[in-house]
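*Asks:* one predicted model, sequence on top.
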Amino acid sequence: MGGFEHPHDTPPYPFMPSPTFAHSSLNSNPRLLTSLRDELPMLAEAAPDPLLAALERLLEGDGRTILPIFEERQSFFHAVSHHTGVLWALETLAWDPAYFRRAVLLLAKLASIDPGGKLGNRPDRSLAEIFVLWNPNTNASSSQRLSALDEITKSFPAIGWNLVLALLPSLHGVSVPTAKPRLREAGAAERPAVTNAELWANQAAVAVCAIELAGRDLDRWLELVKRIAPFGPTERARAVSELDQTLGSLKEQQQRILWAAVRDEVARHQRFAQAPWALKGEELEPLRLLSEKYAPADPALLLVSLFDSGALDDVSDPIKSGQRRSAAIRELLANSGAAEVLRLSAEVKTPFLVVEALAAANPTAEQVEQLLTLAFDQDPSSPFTFAMSALYRNLAGAERAEAWIRAEKSRVGLNVESVARLLEAWPDDFETWRTVRNFGPDIVDAYWKQKPPRYLRGPRRELLRSALMLLRYGRAIEVIQSSLDRMKEIPSRLILRALDGVIPQLNENHKLADTMTSYYVESALKVLDQRSDVTEDRIAHLEYQFLPLLEHSSRPLKVYALMAKDPAVFHSILRNVFRGKSDAATEVDETTKTNARLSYSLLSHFSLLPGAGPQGVDGVALAAWVDEVRRLGAETDRSQITDSYVGKALAHAPRDPDGAWPHKTVRDEIERLASQEIERAIQIERFNMRGVHGRGVYEGGDQERDLADTYRRDAALSSTWPRTAALLLAIAKTWEEQAKHVDTEAAQRRMRS
């Protein structure tokens, strides 16, 4: 069920434990459950009663005895937990009507004590899949399922409520198959198909169950309101009636919360009235009347739905929607004053829609000044205050806006950060920057240190001026971000200066090393790729510096070419991963671990032969690279691992014009170096280079024999290079052994089929 583990991915069960063993040990030893994870489904079929009894015993009381099965450990790729075997066993038994009730009640108890974890396979998900109304993963009858559901809701209220929510009718349903019996028929022959009549009856029953379980609980109704629309007419009418009574029973603050949920649901259906799923006309009317009945006498709250985040999804007529919001703000401002507009901005989920509507409502500078003053007094650093500062500057002009800031500074004694914050909302241009200077050096420092990066639309002079000022204040990432769409206008030396400044900025604030910074750096490097005044070596060195940021990018790294060209770079990457033989093991910090992991990835993916190029392989360059890398390895007590990676590099040699692999220059190197470690590494890498390949279910080792024949032919053509010929014959022998192994596996599969 979800995650990375699923019963259908497990291998065939190699043995079946005896029922006596299961009954006598499982009921007191949860660790035994984890050791039998893959065998538990088969054990469940072979001895269902002893296994169920053992699980029921382990789950007695608070169920803590069985908790160890939920312990997770982190494998290389994902979390692993052995409780999945128990889930698969109970899913298997749930197919059988005779064991269905016990199995699902055990799953419910497991769900109630489940501590959670990273793995997606959880007891509550197994339950939901078993009970899916339109595709139940059980052969139990409809009446059996509804009866068990009723018992679960009574015995485990929280689990039952979530299960009922999962089973409520919806527009789109997805079902994941559960573990199925392999030995038992489990009632499949008697199971009738789910008819529409049965489905509708069950949906109605679950809807009624949800309404009853919600009772007068505010939190449950907040979840249920959004799910009422797909109910049948009878159940929907009952839900609206119960919702009416619940609203009437709540205190004012709770009533307002639930009313807002009803209002938002009505607005959603009105907004998407053309959608097939939307309630229309008489269907929506009861909910709409309910929304009106409990609407508070508050002009701001009545407008909230117009500015909800759902308004952004209004595809019916965005222009008219914007006009409605502007008209509403204009009327609210005229009738109720600036204070109500400010309160509306605090109530809505998307305050910028209030700002957008206000700007479109053509307010006077005086009205915006009043709003700005109120917002500033309430919260000087709020986004709404920031937006009003920008709007006031645009309406009143820089001189009048500056005068307002100075007046406020005198009235309430604004600090440096508050003044800078108000000025940051102004346009990024020379006029704003002159005003900033008018307030003195402290404001200049605060402004450039905290100014949010925005795309600059002015002349190139303003773009470069902004970049230089941001660099002066150590904000290299913001330089790239704010000029991202105009990077072609930035000189290469300024881009390089910005990239050089990114590393110190990241060292100072590790939180900045996120996916967006990776994108900014990669974008800057792409621009430099097209510049003739920046060498590939310079870009490769930058890539090496930014490896942690470029790890998951799609960029083809030039650093590989640098590794093949510069032995010192190759060796420095190797040193990040492997310590010298005589070096003592020490604790390392997370940065060192990250560098080691990324450097190992570089070494693992390095597949260039030094000295190779479009014109062939330069033997002198190859020999020089090999000798220098080995010298550095010996100098730092890393000879053995260095030779291993030298061999790995040589394994990527091309074929020679004479038709044999490897190229003659590499054969010469193999003979010259006469290193068993290098030759062993070549052999291993050639084996690994095969990668992913396809094979028929019963196909033997013919593919491997073809590979062996190829290497034997290469060995015959390389007879004048004795060590190379011996190496090629050893590779051929490896493939022949592999062919025999594959033959055996294919024969075993044929015998089992």
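*Replies:* Done, it's in.
*Asks:* can you get me a residue count around the nearest residue to residue 247 once chain neighbours are set aside?
*Replies:* Using C-beta to C-beta, 6 or more residues apart in numbering and skipping residues adjacent in sequence, the residue nearest residue 247 is residue 294, 5.1 Å away. Where you see a C-beta, it was placed from the backbone N, CA and C, and this is true even at glycine. For residue 294, the neighbour count with other C-beta atoms under 10 Å is 19.
*Asks:* hmm, residue 134 is touching residue 200, no?
*Replies:* No - applying C-beta atoms under 8 Å as the test, residue 134 and residue 200 come out as separate, 10.4 Å apart.
*Asks:* intersection of neighbour lists for those two?
*Replies:* Applying C-beta atoms under 8 Å, 6 or more residues apart in numbering, one finds that no residue jointly contacts residue 134 and residue 200.
*Asks:* picking that back up, what values do phi and psi take at the residue nearest to residue 247?
*Replies:* phi -110, psi 10 (degrees, to the nearest 10).
*Asks:* so what's it up against?
*Replies:* 247, 255, 259, 262.
*Asks:* how about a cut-off of 10 Å?
*Replies:* Taking C-beta atoms under 10 Å, 6 or more residues apart in numbering as the criterion, residue 294 is in contact with 243-244, 247-248, 250, 255-256, 258-260, 262-263.
*Asks:* and residue 653, by the same measure?
*Replies:* Contacts for residue 653 (C-beta under 10 Å, 6+ apart) come out as 609, 611-612, 617, 622, 661-667, 669-670, 682.
*Asks:* and those, which is closest to residue 110?
*Replies:* residue 682 (52.6 Å; C-beta to C-beta).
*Asks:* how far out from the middle of the chain is the helix or strand containing that closest one?
*Replies:* Of the helices and strands defined by DSSP states H and E, residue 682 is found in helix 676-688. Helix 676-688 sits 37 Å away from the centroid of its parent chain (C-alpha atoms, centre = their mean, to the nearest Å).
*Asks:* all numbers from here: first residue = 22
*Replies:* Fine by me, first position is 22 from now on; the one you just mentioned is helix 697-709.
*Asks:* which parts of that helix count as buried, going by neighbours?
*Replies:* Under the neighbour-count criterion of 16 or more other C-beta atoms under 10 Å, helix 697-709 has 698-700, 702-707 buried.
*Asks:* from the residues you listed, pick the one nearest residue 471.
*Replies:* Using C-beta to C-beta, residue 706 comes nearest to residue 471 of these, at 52.1 Å.
*Asks:* just confirm that closest one contacts residue 670, I think it does.
*Replies:* Yes - the criterion here is C-beta atoms under 10 Å, and residue 706 meets it with residue 670 at 8.6 Å.
*Asks:* what's the overlap in contacts for these two?
*Replies:* In contact with both residue 706 and residue 670: residue 628, using C-beta under 10 Å, 6+ apart.
*Asks:* returning to that earlier point: could you turn the buried ones of the contacts of residue 315 into a ChimeraX selection?
*Replies:* For the buried members of the contacts of residue 315, the matching ChimeraX selection, counting by 16+ other C-beta under 10 Å, is:
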select :264,265,268,271,276,277,279,280,281,283,284
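*Asks:* export the contacts of residue 315 as CSV, with columns for pLDDT and distance to residue 718.
*Replies:* CSV is the format used below for the contacts of residue 315 (pLDDT from 0 to 100; distance: C-beta to C-beta, whole Å):
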residue, pLDDT, distance to residue 718
264, 96, 58
265, 95, 63
268, 94, 63
269, 93, 67
271, 94, 64
276, 92, 65
277, 88, 64
279, 94, 59
280, 90, 62
281, 87, 59
283, 92, 58
284, 88, 60
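*Asks:* quick check, nearest of the contacts of residue 315 to residue 475?
*Replies:* residue 281 (33.6 Å).
*Asks:* the helix or strand that contains the closest one: what's the following helix or strand?
*Replies:* Using DSSP H and E, residue 281 sits in helix 273-292. With elements assigned by DSSP H and E, the helix or strand that comes after helix 273-292 is helix 306-314.
*Asks:* pLDDT averaged over that following helix - what is it?
*Replies:* The average pLDDT within helix 306-314 is 92.
*Asks:* kindly calculate the angle that whichever helix in the chain runs longest makes with helix 697-709.
*Replies:* When the chain is parsed with DSSP state H, its longest helix is helix 743-773. If you take axes from the mean of the first three to the mean of the last three C-alpha atoms, to 10 degrees, helix 743-773 sits at 40 degrees to helix 697-709.
*Asks:* so where do the strands sit in the stretch 572-721 of the chain?
*Replies:* 633-634, 637-638 (DSSP state E, counting those that start in this stretch).
*Asks:* paired strands for the last one, with orientation please.
*Replies:* Listed by DSSP bridges, the sheet partners of strand 637-638 and their directions read strand 633-634 (antiparallel).
*Asks:* what does the partner strand contact?
*Replies:* Against strand 633-634 from outside (C-beta under 10 Å, 6+ apart): 585, 639, 642-643, 673-675, 684, 686-687.
*Asks:* average pLDDT across it?
*Replies:* 92.
*Asks:* with stretch 221-229 instead?
*Replies:* Stretch 221-229 comes out at a mean pLDDT of 94.
*Asks:* buried residues in it?
*Replies:* 223-228.
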